[in-house]
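Participant: below are the sequence and a predicted model; questions follow.
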Amino acid sequence: MKNTTVLGADDEYVQQSKEYGRKDALLALILYVVMNLLSVLMGKIFVQKGLTLTETFVFCVTGIVSLVCIGLVFLFCLIRKQKLVTVGFSKNQIKKSFILGMILFILVAIVGGIWSIISGSTIQTNSGVIFMRVIYFFIFIGFMEELVFRGYIGTRLYGCFTNKRLSFVIVGIMFSLLHIPFHMVVAQVSLSEYISVNLVSLIYIFLLHYVFQWLYSKYNSIVAPTILHFIWNFILWFII
């Protein structure tokens, strides 16, 4: 099998990927479609709420959608009789993954702090909102998206594709495009309008996928990419 160690993939990661077939790839695509439909539905709900939309409401609705996606991953693993190690819960190198994740956490936090000082930006101060946002970005965004994309979709397509580099590119495109439906509905613009305005952001998200994917496949662990995904999004929100 060619290109089995793309992005320094861990031996355990490579070995597991050999067991995935077309059924696993199909379930991965079904999961992706469901996520997009839920994103559209969530966007429509937020638009309908309009000016009455609150932080608590956003937290609750996003939480429900996130838990549904997480539940589907576990359900598909159960249906296919696959262990949780196949979606990033490997114990072999969890310590290394955690250490690397925390190093990146500290670096991003420091850079974010320095940037806020240089740019004169202020920070969020509402403790209640900050608490909700920590859970929001860590579980509903960071953990959920890493579990779905790097843990499930990425690994299943990696195993199904002969060209491993192509599988990473495809999943990266899927990851980037997933961010369109919700924001497009909320902004109430057409697909072409949204892409023309946010093309740079979509490319940026695509490149981030490669960072998250490298962190995941390096240790076959969801820990490091989840930590980085969380702090990256949290800092962008925390610094006004």
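Facilitator: Thanks, I have the structure now. Residues are numbered from 1 along each chain as shown.
Participant: drop to CA atoms for contacts and neighbour counts, all remaining ones
Facilitator: OK.
Participant: what stretches of this structure score poorly on pLDDT?
Facilitator: For the chain, the stretches with pLDDT under 70 are 1-5.
Participant: kindly recompute the last result at 90.
Facilitator: Residues of the chain meeting the criterion pLDDT under 90: 1-11, 13-15, 17-18, 50-51, 113, 115-125, 159-165, 239-240.
Participant: residue nearest the centroid of this structure?
Facilitator: Central residue of the chain (C-alpha atoms, centre = their mean): Glu145, 2.7 Å from the mean position.
Participant: how near is that one to Thr52?
Facilitator: From Glu145 over to Thr52 the distance is 28 Å, taken as C-alpha to C-alpha, to the nearest Å.
Participant: do the same with Met132
Facilitator: For Met132 relative to Thr52 (C-alpha to C-alpha), the value is 18 Å.
Participant: who's more crowded, the two?
Facilitator: For Met132 versus Thr52, neighbours defined as other C-alpha atoms under 10 Å are more numerous around Met132 (16 against 10).
Participant: Phe59 is in contact with the more buried one, correct?
Facilitator: Yes - Met132 is within contact range of Phe59, at 7.0 Å (criterion: C-alpha atoms under 8 Å).
Participant: what helices and strands are in contact with the helix or strand harbouring Val40?
Facilitator: Assigned by DSSP states H and E, Val40 belongs to helix 22-49. Secondary-structure packing of helix 22-49 (3 or more C-alpha pairs under 8 Å, 6 or more residues apart in numbering; DSSP states H and E): helix 55-79, helix 154-160, helix 164-187.
Participant: quick check: phi and psi on Val223?
Facilitator: Main-chain torsions, Val223, degrees, to the nearest 10: phi -60, psi -60.
Participant: that one: neighbouring residues, count only.
Facilitator: 28.
Participant: please name the residues that touch it.
Facilitator: Gly88, Ile94, Ser97, Phe98, Gly101, Tyr216 (C-alpha atoms under 8 Å, 6 or more residues apart in numbering).
Participant: got it, and Leu147?
Facilitator: Ile70, Val73, Val87, Gly88, Ile222.
Participant: coming back round to it: what residues sit buried inside the helix holding Val40?
Facilitator: 24-25, 27-29, 31-32, 35-36, 38-47 (16 or more other C-alpha atoms under 10 Å).
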